[in-house]
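Novice: Provided below are the primary sequence and the corresponding predicted coordinates.
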Amino acid sequence: MRKPWYHILYIRSPLAKIFLGVAGAILAVVLTIFQFSIEEPRMKAQEDNWNGRSVEKGAELYYNNCANCHGADGKGLPNVAPALHSKYFFTQRIVDVGWAGSLYDFVELTIASGRPSKVGTQWAQMMPTWSRHYGGPLRDDQVLHLTSFVMNWEADALTQTAEEDPFQCFRNAPTKAREGDKSPDALGIKSCLADGTALMPGAPPPTPTPAVATGPRPPQQLFTAMGCAGCHQLAQAQTEDNIGQPGPHMGNLPETADQRVPGEDATTYVYNSIVNPNAFVNAGYVGGIMPGNFKDQMSEEEIDSLVAWLLDPNRPQ
């Protein structure tokens, strides 16, 4: 009778069977110990891999939804939206707002729910809600990816000097002093005063000056104070090949304003664009970016002077 090919697996010697059994058990133990020894580094590498993917997905979401206001590099646009790629933001911001949790949670909640209740803000754009739980367009995982991307700036932001830090202080949100190595001077960060100005480390507080009654603010000052300069360029013309972002250029506004809305002359168009910006949105732009509360922040006289200044082809800069 012909033996099957696997006859070699049959072992008759009891000693051989014992030896092979013991060797197999020892090998199994060694392999188990080896697997345990590499499991933690393997899991850490996998975690880093997923975190890296999250940052990459967050970067795409950021540039599609957030860069117009917070800047492509996260360093903000003056009077439009605050900097996130900032040493002050990563070391002091949650202390000044009285947040008891972590900065990660603060960023996640801000992205998810926005800051829709703040009125009379110094910023041109109010932070909208992004999570679907609050009426926004993003899923929970997309909110987390955005949070990971913002937090990814921390290592670089912590190398900034106070002078390099792009963070623009909030009005009525002064820096809360901390002691020892957590003080602004020890951290090497700017301190924010109640009026929104920044105080560099070691600098004495400014001497308060008495308030002086003034008349209507000049249009040049309004253009900067209302955040217009952060979104609109006065020196560049708006053309098909040169479309301003996040708002249209205004270099040729005096020549084109009466061509935007049928039936509206230039003065009416510019006036309505200031007091009711979402009534008409230029092609290539989305509504909701330009704030709608300018009528509460400027007098009628100031609005009229700003309109006339914007439509003056020889406007002084």
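Specialist: Looks like it came in fine.

Novice: quick one: the closest residue to S86 other than its chain neighbours from R12, how far?
Specialist: With C-beta to C-beta, 6 or more residues apart in numbering as the measure, F167 is the residue that lies nearest to S86, at 3.9 Å, once sequence neighbours are left out. All C-beta atoms are positioned from the backbone trio N, CA, C, and that covers glycine. Relative to R12, F167 is positioned 82 Å away (C-beta to C-beta, to the nearest Å).

Novice: ok, these two, which is more surrounded?
Specialist: Neighbour comparison, F167 and R12: the larger count goes to F167, with 25 against 6 (by other C-beta atoms under 10 Å).

Novice: Show me what the helix ranked longest in the chain is packed up against.
Specialist: Scanning the chain for the helix with the most residues, using DSSP state H, yields helix 14-65. Helix 14-65 makes packing contacts with helix 140-151 when contacts are defined by 3 or more C-beta pairs under 8 Å, 6 or more residues apart in numbering; DSSP states H and E.

Novice: ok, the residue nearest to S86 - contacts?
Specialist: Counting by C-beta atoms under 8 Å, 6 or more residues apart in numbering, F167 touches 76, 82-83, 86-89, 93, 190, 198.

Novice: show me the contacts for the residue lying closest to G135 once chain neighbours are set aside.
Specialist: Leaving aside its chain neighbours, G135 sits nearest to T129 (5.6 Å; criterion: C-beta to C-beta, 6+ apart). Contact partners of T129, counting by C-beta under 8 Å, 6+ apart, are 112-114, 116, 135-136.

Novice: What is the most widely separated pair among those residues?
Specialist: A112 and P116 (11.7 Å; C-beta to C-beta).

Novice: neighbour-wise, which of these two wins?
Specialist: More neighbours surround A112 than the other of A112 and P116, with 20 against 12 (other C-beta under 10 Å).

Novice: Just the pLDDT for that one.
Specialist: With respect to pLDDT, A112 scores 95.

Novice: before we move on, what about the one 3 residues further on?
Specialist: Reading off the per-residue confidence, R115 sits at a pLDDT of 81.

Novice: Does it belong to a helix, a strand or coil?
Specialist: Here R115 takes the coil state, with states given by DSSP: H, G, I helix; E, B strand; the rest coil.

Novice: isn't it right up against Q125?
Specialist: No - no contact is recorded between R115 and Q125 when judged using C-beta atoms under 8 Å, the distance being 10.3 Å.

Novice: Neighbour count for the two, which is higher?
Specialist: In this comparison of R115 against Q125, neighbours counted by other C-beta under 10 Å, the higher total goes to Q125 at 21 against 12.

Novice: Distance-wise, check that one relative to Q160.
Specialist: As judged by C-beta to C-beta, Q125 and Q160 stand 24 Å apart.

Novice: Also G76?
Specialist: From G76 to Q160 the distance is 13 Å (C-beta to C-beta).

Novice: now do L84
Specialist: 12 Å.

Novice: Ok, N51 next?
Specialist: The spacing between N51 and Q160, counted by C-beta to C-beta, is 23 Å.

Novice: Check Y62 too.
Specialist: Relative to Q160, Y62 is positioned 19 Å away (C-beta to C-beta).

Novice: same thing with D304?
Specialist: Where Q160 is concerned, D304 sits at a distance of 42 Å (C-beta to C-beta).

Novice: Have a look at the two and say which one is more surrounded.
Specialist: Q160 (19 against 16).

Novice: what's the pLDDT at the closest residue to F89 other than its chain neighbours?
Specialist: With sequence-adjacent residues excluded and distances taken as C-beta to C-beta, 6+ apart, F89 is closest to F167, at 5.7 Å. The predicted structure scores F167 at 94 on the pLDDT scale.

Novice: Quick check: the gap between F167 and N64.
Specialist: Taking C-beta to C-beta as the measure, F167 and N64 are separated by 24 Å.

Novice: Same check on S299?
Specialist: Taken as C-beta to C-beta, the spacing of S299 relative to N64 amounts to 38 Å.

Novice: Looking at those two, which one has more neighbours?
Specialist: More neighbours sit around S299 than around the other of S299 and N64, counting by other C-beta under 10 Å; the figures are 12 against 9.

Novice: circling back: element containing the residue nearest to S86, please.
Specialist: Taking DSSP states H and E as the criterion, no element holds F167; it sits outside all helices and strands.

Novice: Which stretches in the stretch 151-300 of the chain count as helices?
Specialist: Under the criterion DSSP state H, counting those that start in this stretch, helices of the stretch 151-300 of the chain are mapped to 154-157, 184-187, 219-225, 228-231, 253-256, 266-275, 294-297, 300-310.

Novice: Now render those as a markdown table, adding mean pLDDT and distance to K57.
Specialist: Formatted as a markdown table, the entries for those read as follows, by pLDDT from 0 to 100; distance: least, C-beta to C-beta, whole Å:
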| stretch | mean pLDDT | distance to K57 |
| --- | --- | --- |
| helix 154-157 | 96 | 18 |
| helix 184-187 | 91 | 31 |
| helix 219-225 | 85 | 36 |
| helix 228-231 | 80 | 27 |
| helix 253-256 | 89 | 39 |
| helix 266-275 | 90 | 36 |
| helix 294-297 | 83 | 36 |
| helix 300-310 | 91 | 40 |
